[in-house]
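Undergrad: Any chance you could fold what I've pasted below:
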Amino acid sequence: MKKELTESQKAIYIKIKELLNKYQKPDFSKRMIYIEEPAFLELYNLMQEIGDGNDLIPKTKLFVKKLLDEWLRLLESLQSANKDRIAEELNPSSNDNGFGFSSMSILYELSCTSFRNNLQEYTDFLERKYDIERELA
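TA: Okay, the predicted model is just below:
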């Protein structure tokens, strides 16, 4: 018999799924690198709600820890990138070393894509293991 999900676990699943459906892969990566935009704020608020991950179902023993660690690295990276972007916009000629925001934005996008893939992997896992889509229908 399959273990039942708690209401908070279902709510987190629904919010992750809605975010993934709202921002498909290419759009997610391009929009999340701008931390002042509503798209990133949606992700940020979702991750704040997830908090320490107690309402996540561990796919493996380390899955939740890795997901939360990846979120912290992504957040730190995007906050730093935002500072670089603002500095670059204020003084475009001062950053000609190839490590400015415009040069590095593809790397930030790749980090966002990786994080989105992990969120997608999580929802896919719940759908397979708990048949959650049918349960919520």
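Undergrad: rest of the way, CA atoms for contacts and neighbours
TA: Will do.
Undergrad: and stretch 5-25, what's its mean pLDDT?
TA: Averaging pLDDT along stretch 5-25 gives 92.
Undergrad: residues of that stretch that come out buried?
TA: Neighbour counts over stretch 5-25 (16 or more other Cα atoms under 10 Å) mark 9-10, 12-14, 16-17, 19-20, 23 as buried.
Undergrad: now do stretch 120-127
TA: For stretch 120-127, using 16+ other Cα under 10 Å, the buried residues are 120, 122-123, 125-126.
Undergrad: For it, give me every contacting residue.
TA: Outside stretch 120-127, the residues within contact range by Cα atoms under 8 Å, 6 or more residues apart in numbering are 13, 16-17, 20, 57, 59, 132-133.
Undergrad: tell me which element Thr113 is part of?
TA: helix 101-130 (DSSP states H and E).
Undergrad: could you dump the helix or strand following that helix to CSV, C-alpha only?
TA: Later in the chain than helix 101-130, the nearest helix or strand by DSSP H and E is helix 132-136. C-alpha atoms of helix 132-136 as CSV (Å, rounded to 0.1, in the frame of the first residue of the first chain):
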residue,chain,number,x,y,z
ILE,A,132,-0.5,12.2,-7.2
GLU,A,133,-2.0,13.7,-10.4
ARG,A,134,-4.9,11.2,-10.3
GLU,A,135,-5.3,11.7,-6.6
LEU,A,136,-5.6,15.5,-7.0
